[in-house]
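Visitor: Using only what follows, build the 3D model:
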Amino acid sequence: MFTPIQGIPLIAHTVELFESSPLIQEVILVLPQNKVEEGISLSKERGWKKLAEICSGGKRRQDSVRCGLERLSPCTWVVIHDGARPCMDTGILERGLIAVKETGAAVAGVPATETIKEVCSKGIVQSTLDRKKLWMVQTPQIFDYKLLVSAHATCQQAVTDDASMVEMLGHPVKMFMGIPNNLKVTTPGDLALVEAIMKRNNPMANPQ
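Guide: Model prediction:
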């Protein structure tokens, strides 16, 4: 999260997407416990105005989201976004806030472009899935505040995203179009891709 990209920590790029958006009123930043102080120092250095609080997360992803949710002022819509996705754009937020009004839950994603096969633990193909029905999920994921609070209070099993919790309530989730460049940094190679994307999107930017 604090690896420099164009001279600025990765997480700063992500937070400042929300800082600069008129669609966002308040930001809660959830970090590993050993990074909270570093996050506080960074927020002061960068002068973030919308950042209401920085808190430490929990053991699971959903525990970390819950920690942030508990510190958020009651509101209409909650936007959940991975700190490791610094290439989101304003258009995604705009599309998401339109989509969420239809069902109260909406997630960004892109249609699958590769053939996807279901494989057993022994590496044997079990079936070939219909690619036309498959989307690769991203963040942001946007929810009605009360619906998301209810989902976190109800779901106890481990899930990989907040939409799964809402789905378990039997509530419909709307998919809206993300962008291929909205990748999640998980490997050193991803850092190089993100930097290339940023240079292409803003070739006049100078490293700090």
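Visitor: Now do the nearest residue to Leu129 once chain neighbours are set aside: how many residues are near it, please.
Guide: Counting by CB to CB, 6 or more residues apart in numbering, Leu129 lies nearest to Ile116, which is 4.9 Å off, once chain neighbours are set aside. For the C-beta atoms, the positions are set from N, CA and C on the backbone; glycine is no exception. When neighbours are defined as other CB atoms under 10 Å, Ile116 has 14 of them.
Visitor: Quick one: residues contacting Ile116.
Guide: 128-129, 131, 134 (CB atoms under 8 Å, 6 or more residues apart in numbering).
Visitor: Tell me the one of those nearest Val15?
Guide: Taking CB to CB as the measure, Val15 sits nearest to Leu134 out of those, at 31.2 Å.
Visitor: Quick check: which ranges of this protein have low pLDDT?
Guide: Within the chain, the segments meeting pLDDT under 70 span 203-208.
Visitor: Quick check: the two most widely separated of the contacts of Ile116?
Guide: Across the contacts of Ile116, the longest distance by CB to CB is 11.0 Å; it joins Thr128 and Leu134.
Visitor: the more surrounded of those two?
Guide: Leu134 (14 against 10).
Visitor: Not counting sequence-adjacent ones, nearest residue to that one?
Guide: Of all residues not flanking Leu134 in the chain, Ala112 sits nearest, at 4.0 Å (CB to CB, 6+ apart).
Visitor: gap between the residue nearest to Leu129 and Val125?
Guide: Counting by CB to CB, to the nearest Å, the gap from Ile116 to Val125 is 11 Å.
Visitor: Please apply the same query to Val100.
Guide: For Val100, the distance to Val125 - CB to CB - is 37 Å.
Visitor: more neighbours, those two?
Guide: Shown here are Val100 and Val125; by other CB under 10 Å, Val100 has more neighbours (25 against 9).
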